[in-house]
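A.B. asks: Below: sequence and its predicted model.
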Amino acid sequence: MDSENTPRFSDRFEFIPGENDLYSLLGSFRNSGQDWIDLTVSNPTKVGLVYPREAILHSFQKPESMEYDPDPKGTFNARRSIVNYYKEKGHIISEEDLFLTSSSSEAYSYLIKLLCNPGEEVLIPSPGYPLFEFLSVLEGVEFNSYKLNQDDGWKIDFEDLDSKITNKTRILFLVSPNNPTGSTLTSEEFERLRIISKFKKIALVLDEVFSDYLYEKNQEQIDFFHTDFPLFVVNGISKILALPQMKLSWIHVGGPTNWKKECKERLEIISDTYLSVGTPIQLALPELFQWRNMIQSQVLRRIQRNLQILESFRSSHPQIVYTSPKGGWYTILQSKSFLNDEEFSFRLLQKEKVLVHPGSMFGLEEDLGSIVVSLISETELFHSGLEKISRLL
Ligand SMILES: Cc1ncc(COP(=O)(O)O)c(C=O)c1O
């Protein structure tokens, strides 16, 4: 047999689930040219935003792109433009504390390499971003989930979190605003996390990719950049500029001075090993930041409109529970009618040609009956997608 003469694959892939019914059905739609309404869309380049195309493309036409002069941290000018971005938001940081990566996923993989030995553990929020699980497994570490408490506005359930910390725990992942709950970290939670980090010697990694997409004015600002405990902030232009295809993210390193110095020396070894960020995007970045308000205002307007539509949808379906998100690009709808969430999502796609994420994909408990929808979907499609959900209900 063929497999007798070929090398085996790594055990990492044992974790990866096979294709489920929903994605098989989607595959058959694709193959037969069948159309569907995608209420899971997270790719901003596919939702009808108007980009300053010519200006963006022009920013990449730099003669210096033909030279290779790598800096493991990323070019100084690109890092300076990130410093300026934070300055506009009221945060003073240093270029010296920034490391560029090609994506936030890559940033996470660097941080796991930096902090964890194989077999050690990271803690991830639940409900939360499903990719953390894959990233952990691919880096050879274990993951465990800590709960966010729905009855408390999706704040961290500290009792649950404490019970999950073991002597193998090295990283606590946080996402604010969180995907898919739309909840944001409060200063009270942050203070408790500070104590956990200091006493248990666990580093915090905060994903703030949605931090420019807050819907309520005057939300409290927390300083994530000047801390007396190890805190890494991850962000990037896939959400800030809605340009995921340009592949640029970063890590900000924060913590006690001596620790930070040692940390940066090691992170530099990792970055220098890969040198994965392309020169053209680093050269273009300062100019691309100019378009931040133009792009973000469109996304925010879109989200506000979709939230209004969602509000009227909810008022005609009182059985649907929904906690207004504070920020981000996604939200959760819950109803006993969505039980079981995977079967409901399958029926919805099969009968009404509308795709939603089953909540269990994000760690939502199955008996809650949850679906997750994207708030950046084109408004007409969002509206008709919800109408079709009504029809099925
Ligand atoms: C919480 C969170 N972080 C990061 C990302 C993606 O970032 P990147 O494209 O830089 O890997 C996403 C994408 O949806 C996300 O939901």
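C.D. replies: It's in.
A.B. asks: can you list the weak-confidence ranges in this structure?
C.D. replies: Counting by pLDDT under 70, the chain contains low-confidence ranges at 1-3.
A.B. asks: where does it come near the ligand, residue by residue?
C.D. replies: 42, 103-105, 129, 175, 179, 207, 209, 236, 238, 244, 249 (Cβ under 6 Å from any ligand atom). Just so you know, the C-beta spots here come from the backbone N, C-alpha and C atoms, and that holds for glycine as well.
A.B. asks: Give the next helix or strand downstream of the longest helix anywhere in the chain.
C.D. replies: Longest helix in the chain, counting residues (DSSP state H): helix 292-315. In the C-terminal direction, the helix or strand that comes right after helix 292-315 (DSSP states H and E) is strand 330-334.
A.B. asks: residues of whatever helix or strand comes next after that next one that come out buried?
C.D. replies: Next along the chain after strand 330-334, taking DSSP H and E as the criterion, comes helix 341-347. Buried residues in helix 341-347, counted by 16 or more other Cβ atoms under 10 Å: Asp341, Glu342, Phe344, Ser345, Phe346.
A.B. asks: Equivalent analysis for stretch 144-160, please.
C.D. replies: Asn144, Ser145, Tyr146, Lys147, Leu148, Gln150, Trp154, Lys155, Ile156, Asp157.
A.B. asks: Show me how far that stretch is from its chain's centre.
C.D. replies: Offset of stretch 144-160 from its chain centre (Cα atoms, centre = their mean, to the nearest Å): 18 Å.
A.B. asks: Equivalent analysis for stretch 51-64, please.
C.D. replies: Mean-position distance between stretch 51-64 and its chain equals 27 Å (Cα atoms, centre = their mean).
A.B. asks: same check, this time on stretch 268-284
C.D. replies: Worked out by Cα atoms, centre = their mean, stretch 268-284 lies 21 Å from the chain centre.
A.B. asks: Only C-alpha atoms, please: export that stretch in PDB.
C.D. replies: Once non-C-alpha atoms are left out, stretch 268-284 reads as follows in PDB (Å, rounded to 0.1, in the frame of the first residue of the first chain):
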ATOM      1  CA  GLU A 268      14.300  39.800  17.500                       C
ATOM      2  CA  ILE A 269      15.800  36.300  17.000                       C
ATOM      3  CA  ILE A 270      12.400  35.000  16.000                       C
ATOM      4  CA  SER A 271      11.700  37.900  13.600                       C
ATOM      5  CA  ASP A 272      15.200  37.700  12.100                       C
ATOM      6  CA  THR A 273      14.600  34.000  11.400                       C
ATOM      7  CA  TYR A 274      11.500  34.700   9.300                       C
ATOM      8  CA  LEU A 275      11.800  38.300   8.100                       C
ATOM      9  CA  SER A 276       8.400  37.800   6.600                       C
ATOM     10  CA  VAL A 277       7.100  41.300   6.100                       C
ATOM     11  CA  GLY A 278       7.500  42.600   2.600                       C
ATOM     12  CA  THR A 279       9.400  45.800   1.800                       C
ATOM     13  CA  PRO A 280       6.600  47.300  -0.400                       C
ATOM     14  CA  ILE A 281       4.000  47.300   2.300                       C
ATOM     15  CA  GLN A 282       6.400  48.700   4.900                       C
ATOM     16  CA  LEU A 283       7.300  51.600   2.500                       C
ATOM     17  CA  ALA A 284       3.600  52.200   1.800                       C
END
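A.B. asks: For it, buried residues please.
C.D. replies: Within stretch 268-284, the residues scored as buried using 16+ other Cβ under 10 Å are Ile270, Ser271, Val277, Thr279, Pro280, Ile281, Gln282, Leu283, Ala284.
A.B. asks: From Gln319, how far out is Leu148?
C.D. replies: According to Cβ to Cβ, to the nearest Å, Leu148 and Gln319 sit 23 Å apart.
A.B. asks: wait, I meant Leu135
C.D. replies: 36 Å.
A.B. asks: repeat for Tyr68
C.D. replies: Tyr68 sits 60 Å away from Gln319, going by Cβ to Cβ.
A.B. asks: Same question for Asp341.
C.D. replies: Asp341 is 15 Å from Gln319, where distance means Cβ to Cβ.
A.B. asks: circling back: how about the residues of the chain next to the ligand, which pair is most distant?
C.D. replies: Val175 and Pro244 (16.7 Å; Cβ to Cβ).
A.B. asks: neighbour-wise, which of these two wins?
C.D. replies: Each of Val175 and Pro244 has its neighbours counted (other Cβ atoms under 10 Å); Val175 has more, 25 against 18.
A.B. asks: quick one, domains of the protein?
C.D. replies: 2-49+293-392, 66-291 (automatic domain parsing).
A.B. asks: Helices - which of the residues of the chain next to the ligand land there?
C.D. replies: Residues of the residues of the chain next to the ligand located in helices (DSSP H): Ser104, Ser105, Ser238.
A.B. asks: Leaving out the residues flanking it, which one is nearest to Glu106?
C.D. replies: Ser276 (6.4 Å; Cβ to Cβ, 6 or more residues apart in numbering).
A.B. asks: Near Ile171, how many residues? Count them for me, please.
C.D. replies: 25.
A.B. asks: Touching, it and Ala203? I think so.
C.D. replies: Yes - using Cβ atoms under 8 Å, Ile171 is in contact with Ala203, at 5.4 Å.
A.B. asks: what residues do these two have in common as contacts?
C.D. replies: With contacts taken as Cβ atoms under 8 Å, 6 or more residues apart in numbering, the residues that reach both Ile171 and Ala203 are Leu111, Leu115.
A.B. asks: related to what we said a few turns ago, among the domains of the chain, which is the most enclosed?
C.D. replies: domain 66-291 (a mean of 18; mean count of other Cβ atoms under 10 Å).
A.B. asks: could you pull out the strands for the stretch 101-250 of the chain?
C.D. replies: Using DSSP state E, counting those that start in this stretch, the strands found in the stretch 101-250 of the chain span residues 121-126, 142-149, 155-156, 169-175, 203-207, 231-236, 249-254.
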